[in-house]
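Chemist: What follows is a protein structure lacking sequence information:
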């Protein structure tokens, strides 16, 4: 996984590093069935969320080595700004640039934006992204809420979704996946985690996929936040099942052949 790399922990902490490496890079990998690029996308997003800059820096060469494209790594870092803020993402962006240039990759990478700086364009594209991920009930989200804070909902649509979710480089499913990882790893954002777990389920990242994602994160973010993420996922799955039941019930009631 780390060609040519010799950890100094083998000298200073041999018992610990042997046990950790066996768990993180053998037992967990065999249990959490993910393809290699997705596995490293999850690990990098989790490390951003928990602010593990040293481990993030160590994992970047391995991510490239296992086929996670440079453009995808950059998009993971860029989207983290919407969920962690530039204050927490800045050192990760610098570390990513160093790792890519050390790997012989020229910067900047090819542009991935699909919108311009015009607010109307960003807002319109953000609405389309929100509706595609969360459903038609998000059409007017940007102008909802109390008047004194309505601008924040507008920013969520035009900035968070219009500026980031509309970029190329990652699919909508990949963007929702890394958002789930950011929220799970940082903790304290349970309402948003349930919401985005539901969005993942809605666009095809099902429970059988997300449980291995959570499992893969355990060595990097620990058990409490992982178990919290699992609880939020189960709640979102239960909510989705309830909504589906209500829809099926409404169809059955409206069908005259059932009367």
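Modeler: Noted; the coordinates are in hand. The structure presented is a predicted model; accordingly, all values stated were derived computationally and were not measured.
Chemist: quick check: mean pLDDT across stretch 98-105?
Modeler: Throughout stretch 98-105, pLDDT has a mean value of 98.
Chemist: buried ones in that stretch?
Modeler: 99-100, 105 (16 or more other C-beta atoms under 10 Å). For glycine as for every other residue, the C-beta is placed from the backbone atoms N, C-alpha and C.
Chemist: So which of those are in helices?
Modeler: If you go by DSSP state H, those have 99-100 in helices.
Chemist: between the buried residues of stretch 98-105, which is closest to residue 212?
Modeler: residue 99 (25.8 Å; C-beta to C-beta).
Chemist: Distance of the closest one relative to residue 45?
Modeler: In this view, residue 99 and residue 45 are 16 Å apart by C-beta to C-beta, to the nearest Å.
Chemist: now do residue 180
Modeler: Separation of residue 180 from residue 45 (C-beta to C-beta): 8 Å.
Chemist: Mind listing what's buried along stretch 88-101?
Modeler: If you call a residue buried by 16+ other C-beta under 10 Å, then stretch 88-101 has these buried ones: 88-89, 92, 95-96, 99-100.
Chemist: Closest one of these to residue 202?
Modeler: In terms of C-beta to C-beta, no member of the buried residues of stretch 88-101 lies closer to residue 202 than residue 89, at 26.6 Å.
Chemist: ok, that closest one - contacts?
Modeler: Contact analysis of residue 89 by C-beta atoms under 8 Å, 6 or more residues apart in numbering lists 48, 77, 80-81.
Chemist: Could you look up the SS state of it?
Modeler: Here residue 89 is recorded as helix under DSSP: H, G, I helix; E, B strand; the rest coil.
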